[in-house]
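S.K.: structure of the sequence below:
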Amino acid sequence: MKNDRQLDQALAVRRRRRHLSRLELAIAVIVIGVLIGVLIERADALMAQAEQTSVEQVEGQIRAAVGLAVAGRVAKGQLAAAAGLAASNPMNLLQTRPPNYLGAFDDPNPAQISPGHWYFDMRSGFLVYRVKHADAFETTLSGPARAEFTIRLRYRDADGDGRYDAGRDTLYGVDFIPVAPFRWTTNGSGR
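M.R.: Residues are numbered from 1 along each chain as shown. Predicted coordinates for the structure are as follows:
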């Protein structure tokens, strides 16, 4: 009898341990699932930040290239010749184009451009970046998420006609600017 009772108690303890092990396993699976979800979300946020950084790096390279092109013309006493940069393809000023630059197209449909790529729209004169992580990007442009840039002249419009006229208007500089405001939501920076 005593042995039967001890055996029953030992079996009961063993069953409780087995149930506890299943409970522990279930909790571990739930915790691992939550951690994987958090890691995936964080990885997506990091990829969006990397995309933002990449775009900002290309913007900086283009601004520097535009500045060097203007400085070269100024050094030659040909500031007015810098007007030729307006609406030109700024990628042509870079010694090395980014690997995700697709080229120049005549009036492309942004929806047909693969996200994560730059291209130049020859009709509008805009350099366009098609955003890959659209959930981390806001713009006033309709259609697919994208940032559009252009080279704009800074000048005194002597006759008020809204366009640069060599000989009449005074050219002060050249800027590489966004066409429409946009904002990356990865860290709140915007233009």
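
S.K.: quick one: least confident helix or strand in the protein?
M.R.: Every helix and strand in the chain was compared by mean pLDDT, DSSP states H and E; the lowest is helix 2-75, with a mean of 81.

S.K.: for that helix, packing partners?
M.R.: The elements that helix 2-75 packs onto, with contact taken as 3 or more C-beta pairs under 8 Å, 6 or more residues apart in numbering; DSSP states H and E, are strand 126-130, strand 146-156, strand 170-178. Every residue, glycine included, has its C-beta placed from N, CA and C.

S.K.: what about Ile151, how many residues nearby?
M.R.: Neighbour count for Ile151, taken as other C-beta atoms under 10 Å: 25.

S.K.: mind checking how far the nearest residue to it once chain neighbours are set aside is from Phe120?
M.R.: Using C-beta to C-beta, 6 or more residues apart in numbering and skipping residues adjacent in sequence, the residue nearest Ile151 is Leu85, 5.0 Å away. Distance, Leu85 to Phe120, by C-beta to C-beta, to the nearest Å: 13 Å.

S.K.: also Thr186?
M.R.: Separation of Thr186 from Phe120 (C-beta to C-beta): 26 Å.

S.K.: before we move on, the earlier item: which phi and psi does the residue nearest to Ile151 have?
M.R.: In terms of degrees, to the nearest 10, the main-chain angles of Leu85 are phi -80, psi -20.

S.K.: next, count neighbours for it.
M.R.: Using other C-beta under 10 Å, Leu85 is surrounded by 22 other residues.

S.K.: same check, this time on His117
M.R.: Per other C-beta under 10 Å, the neighbour tally for His117 reads 18.

S.K.: does it touch Asn100 like I think?
M.R.: Yes. Counting by C-beta atoms under 8 Å, His117 touches Asn100, with 4.9 Å between them.

S.K.: so for Thr186, what's the pLDDT?
M.R.: In this model, Thr186 is scored at 78, pLDDT.

S.K.: now do Arg191, the pLDDT please.
M.R.: 55.

S.K.: scratch that, Ala158 is what I was asking about
M.R.: On pLDDT, Ala158 comes in at 89.

S.K.: any idea how far Gly116 is from the residue nearest the centre of the chain?
M.R.: With distances taken as C-alpha atoms, centre = their mean, Gln52 lies nearest the centre of the chain, 3.7 Å away. Gln52 sits 12 Å away from Gly116, going by C-beta to C-beta.

S.K.: now do Phe126
M.R.: Between Phe126 and Gly116 the distance is 18 Å, computed by C-beta to C-beta.

S.K.: give me the more crowded residue out of those two.
M.R.: Neighbour tally, Phe126 and Gly116, criterion other C-beta under 10 Å: the higher count belongs to Phe126, 20 against 14.
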